[in-house]
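K.L.:
Let's see this in three dimensions:
(chains A, B, C and D)
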2 protein chains.
Amino acid sequence: MTQKAESTRDRLLDAAGASVMAKGFAGTSIDDVLKATGLTKGAFFHHFKGKADLARELVKRYAMKDLKMFQEFQRQAQEQSDDPLEQVTAFLKLFEIYISNSVDPAPGCMYAVYTYESRQFDADVLDFVSDTLRQWTSIYVRMFQDVLDRYDPALPITARQLAEMIVSVIEGGLVLQRAHGDTDTTRRQSEQFRSYLTLLFPTAG
Amino acid sequence: MTQKAESTRDRLLDAAGASVMAKGFAGTSIDDVLKATGLTKGAFFHHFKGKADLARELVKRYAMKDLKMFQEFQRQAQEQSDDPLEQVTAFLKLFEIYISNSVDPAPGCMYAVYTYESRQFDADVLDFVSDTLRQWTSIYVRMFQDVLDRYDPALPITARQLAEMIVSVIEGGLVLQRAHGDTDTTRRQSEQFRSYLTLLFPTAG
DNA sequence: CAATACATACCAACTGGTCGGTATGTATGA
DNA sequence: TCATACATACCGACCAGTTGGTATGTATTG
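P.N.:
Next up, the predicted model:
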């Protein structure tokens, strides 16, 4: 693929992503995307087999961006401290900065869109979304396991439980944020979760 | 409206609700609803001004059911104990039983659908969703304020923060539950939140 | 030249919505 | 009591516009 073709493909995915986040996938027509990009059917069907293929490539790209960002946060967090709990805190703080500054919607939002329009997508696409969320959870599981290996929690709890909770809290925050037109609900939820952690691991203070 | 007409309207709303939860609102055609009910265009447009009106009435009905259920949970919780913290716990436990046993999707899910397809709906409908979520939060705020009036939290925290967090946790749980095809992710999240409460209010034990 | 990258013209199916019609009420008044 | 008058509840054909998708063109570029 030439550089120009690559950028055309990206323009299509960008426009599609924006529209899907505003109107959902079924509510996004190919013509919408073409109108937004100034391209035509020929361009679209040159780059994608069809609308289902667009859905697949769109969520794949989101997942890739997402994973990269998380790995970068993790790297920065590990750089800041050797203590696993401080690393988790640093990681969450980096996420909070990102989420409250980001103009375009967070990747988590896109997964929710796919989830709530599930019958619109092929099974493999839904599986991909589910797997991506699991991968997201797994990153947290590893981080919390490191914490639990060093510190005793004030309550019996597993790394998986904590990981599921932060993912859940963030997804829920994104829903409320959108519903109310806020910009910082998700950040506040992440902060709340950190409060929970300070109560769970008081010895670390 | 006669009894027959009432039931016809309900059948239309039931079918529409089920379809919206599976395919989203834009992904749900009026013909879909009519096929599912065995009715015709005449019936639909007799009961609803149009698709936008259907959206309005659908979410209104969900909100009403929702509120009634929450009030009932609150009544039962107050019956079980005079202690505000025990009431919150009882309330959440009732919710956990409901959410893990419910076959049809929770009302919270419907709000998320509307939220993620926001451009599909009139402003007044979106406002209604936002207001309903706020009302939902307010119920929790009152409950947590009663707790804070009696007990000192281990960390400085407001009733609103706690209320927002439980709503967020539940909404997020519903997203993950759908994404993974679980039936008890939301319940687990509610349990996690109760763990947080026990750490926040240890004096109550 | 030949593959790539896009444009244009078109199609069948479906979309939300309208409209004339009908069947079944139910209230009224002589 | 029973015809008249009107409201309610629903049917199904039809419409203009939109949908995803195809077939065929042409310009560009290595």
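K.L.:
What ranges in chain A fall below the confidence cut-off?
P.N.:
Low-confidence segments of chain A, defined by pLDDT under 70: A:1, A:3-5, A:204-205.
K.L.:
Smallest gap between it and DNA strand C, at which residue?
P.N.:
At 1.5 Å from DNA strand C, A:G42 is the closest residue in chain A, using CB to the nearest atom of the strand. All C-beta atoms are positioned from the backbone trio N, CA, C, and that covers glycine.
K.L.:
which residues does that residue contact?
P.N.:
Contact criterion CB atoms under 8 Å, 6 or more residues apart in numbering or on different chains gives no residues in contact with A:G42.
K.L.:
what's the spacing between it and A:L12?
P.N.:
Using CB to CB, to the nearest Å, A:G42 is found at 12 Å from A:L12.
K.L.:
Is A:L39 part of a helix or strand, or is it coil?
P.N.:
When the structure is split into helix, strand and coil by DSSP: H, G, I helix; E, B strand; the rest coil, A:L39 lands in coil.
K.L.:
So it is in contact with A:R11, correct?
P.N.:
Yes - using CB atoms under 8 Å, A:L39 is in contact with A:R11, at 7.3 Å.
K.L.:
same for the longest helix along chain A, what does it pack against?
P.N.:
For chain A, the helix with the greatest residue count under DSSP state H is helix A:51-80. Contacts of helix A:51-80 with other secondary structure elements, assessed using 3 or more CB pairs under 8 Å, 6 or more residues apart in numbering or on different chains; DSSP states H and E, are made with helix A:3-23, helix A:30-37, helix A:84-101, helix A:107-116, helix A:123-150.
K.L.:
Taking helix A:107-116 as reference, get the angle to it.
P.N.:
Calculated by axes from the mean of the first three to the mean of the last three CA atoms, to 10 degrees, helix A:51-80 forms an angle of 140 degrees with helix A:107-116.
K.L.:
Going by neighbour count, list what's buried in helix A:51-80.
P.N.:
Residues of helix A:51-80 classed as buried by neighbour count (16 or more other CB atoms under 10 Å in any protein chain shown): A:51, A:54-59, A:61-63, A:66, A:70, A:73-74, A:77.
K.L.:
and what of stretch A:196-203?
P.N.:
Neighbour-count burial for stretch A:196-203 flags A:Y196, A:L197, A:T198, A:L199, A:L200, A:F201 (criterion: 16+ other CB under 10 Å).
K.L.:
Skip the chain neighbours and tell me the closest residue to A:T183.
P.N.:
Of all residues beyond its chain neighbours, the one nearest A:T183 is A:S100 (6.2 Å), with distances taken as CB to CB, 6 or more residues apart in numbering or on different chains.
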